[in-house]
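1. Just to be clear, the model below is a prediction. Sequence and coordinates:
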Amino acid sequence: MFNINPFADLAQSIPSILMQTFVLLMFLLIVIGTIFDIIHKKNVKYFFENAKKAKKNAKIELSTSKKTSVILKTVTNEILTTSELGRGKRRIAHLLGMYGTILFWVTSIIMIFFYSEKNSITPSIYPVLWHLGAVMTCLGGYWFWFFLRVDVSAEAYPWYRIIQADLFVLSLVISATFGIIWSFLQSANILFFDTLFFVLFCLSNIVLFGGIYWSKFAHMFYKPGAAIQRNLAEADGSRDNLPEPSNKPKQFGLGIKREAPKHY
Ligand code: HEM
């Protein structure tokens with residue numbers, strides 16, 4: 001199963017052009033969903049207005065090379081490692097989910113666009129990485145869902161309480177889960193159920209990409225943008241119009257450090 005390209009097998013019953021059209025439609029849904037999300041939340045408008053205001057308060061004019069170095073450092077030290085999640089489980093779960101999803105999506109695109117003809121021979125690295133990506137997404141996503149979600153870990157809600165904010169994580173892990181099950185059933189040639197799980201796999205993808213306006217999907221674009229802006233503002237001294245960090249906890253003792261902050 002792990003070294004079989006499920007899309008090449010699928011090509012026996014569905015023309016590869018149809019699979020490629022589905023991927024392009026999902027891409028279109030990302031663009032449309034993100035644009036509507038930006039219009040609705042007005043976050044990009046706020047972001048640029050804030051950046052303009054901060055520029056006025058800049059104490060240092062950053063050269064292009066300094067800006068480039070700040071951006072590169074943010075990408076390598078913060079975005080690629082999601083360092084804002086600290087050193088604990090939350091970050092490990094997120095890294096598993098994030099890199100798993102990237103592997104799953106990139107290898108899906110490669111296999112659908114280059115190796116989904118009836119007679120195509122897929123280098124086994126792609127299906128292996130596709131399954132690995134799906135498994136990593138499930139590990140990170142279910143770990144987050146069952147144990148790390150703020151509602152469960154800090155607010156004592158049961159794991160089965162579902163709210164709109166869960167749309168992203170749930171549709172993400174469910175699409176990866178259905179992908180694995182479909183691949184298994186298809187490689188084991190278990191008729192009817194392979195079709196059933198293929199349909200569920202498609203539907204969960206439509207919910208994931210079609211639900212962007214209502215979900216947290218777009219954080220993968222906003223978070224890197226915000227991190228870069230924050231570090232540029234730090235480097236040019238404008239500090240996002242915020243004051244210098246206070247040293248009061250040091251002055252008044254370490255009481256603030258007695259318990260890890262988790263009462264959100
Ligand atoms: C393919 C890219 C990514 C995927 C698949 C992904 C996936 C996820 C998922 C499933 C969640 C849980 C959502 C929820 O609260 O229900 C999450 C939360 C989060 N993500 Fe990402 N993410 C990606 C990229 C990023 C990037 C680039 C950053 C930061 C630079 C980031 C920072 C965060 C943060 C801070 C949270 C909140 C975590 C928490 O509440 O514990 N993510 N992400």
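-> In hand now; what should we look at?

2. How about Ala235: what's its closest non-neighbour residue?
-> Excluding its sequence neighbours, the residue lying closest to Ala235 (CB to CB, 6 or more residues apart in numbering) is Val70, at 5.1 Å. The C-beta positions use only the backbone N, C-alpha and C, and glycine is treated the same way.

3. Show me what counts as buried in stretch 119-126.
-> Thr122, Tyr126 (16 or more other CB atoms under 10 Å).

4. need the next SSE after the helix or strand harbouring the residue nearest to Ala235, C-terminal direction.
-> Assigned by DSSP states H and E, Val70 falls within helix 64-74. Following helix 64-74 in sequence order, the next helix or strand is helix 89-114 (DSSP H and E).

5. buried ones in that next one?
-> The neighbour-count check on helix 89-114 (16+ other CB under 10 Å) flags 90, 92-101, 103-104, 107-108, 110-112 as buried.

6. quick check, distance from that helix to the centre of its chain.
-> Here helix 89-114 is found 9 Å from its chain centre; the criterion is CA atoms, centre = their mean, to the nearest Å.

7. Could you do stretch 178-198 as well?
-> Mean-position distance between stretch 178-198 and its chain equals 26 Å (CA atoms, centre = their mean).

8. Give the rounded mean pLDDT of it.
-> Mean pLDDT, stretch 178-198: 95.

9. Name the residues that touch it?
-> 1, 4, 6, 9-10, 104, 131, 134-135, 138, 200-201, 204 (CB atoms under 8 Å, 6 or more residues apart in numbering).

10. any idea whether the residue nearest to Ile102 when sequence neighbours are not counted is helix, strand or coil?
-> Nearest in space to Ile102, with sequence neighbours left out and distances taken as CB to CB, 6+ apart, is Gly133 at 7.3 Å. With DSSP: H, G, I helix; E, B strand; the rest coil as the basis, Gly133 sits in helix.

11. got a list of what Gly133 touches?
-> Gly133 touches Tyr99, Gly100, Thr101, Ile102, Leu103, Phe104, Trp105, Thr107, Ala176, counting by CB under 8 Å, 6+ apart.

12. How about Leu167?
-> Applying CB under 8 Å, 6+ apart, the residues near Leu167 are Val207, Gly211, Trp214, Ser215, Lys216.

13. quick one, phi psi at the fourth one?
-> Note on Ser215: its backbone torsions stand at phi -120, psi -180 [degrees, to the nearest 10].

14. now do the third one
-> Phi and psi for Trp214, reported as degrees, to the nearest 10, are phi -100, psi 0.

15. Roughly how far does it sit from the ligand?
-> Taking CB to the nearest ligand atom, to the nearest Å as the measure, Trp214 falls 12 Å from the ligand.

16. Report how many residues lie close to that residue.
-> 16 (other CB atoms under 10 Å).

17. Helices of the chain, residue ranges please.
-> Applying DSSP state H to the chain gives helices spanning 6-10, 16-41, 43-56, 64-74, 89-114, 125-143, 150-153, 167-187, 193-210, 219-235, 248-252.

18. Could you save these as TSV and add columns showing distance to the ligand?
-> Formatted as TSV, the helices of the chain follow (distance: least, CB to the nearest ligand atom, whole Å):
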stretch	distance to the ligand
helix 6-10	21
helix 16-41	12
helix 43-56	15
helix 64-74	9
helix 89-114	4
helix 125-143	6
helix 150-153	6
helix 167-187	4
helix 193-210	10
helix 219-235	3
helix 248-252	23
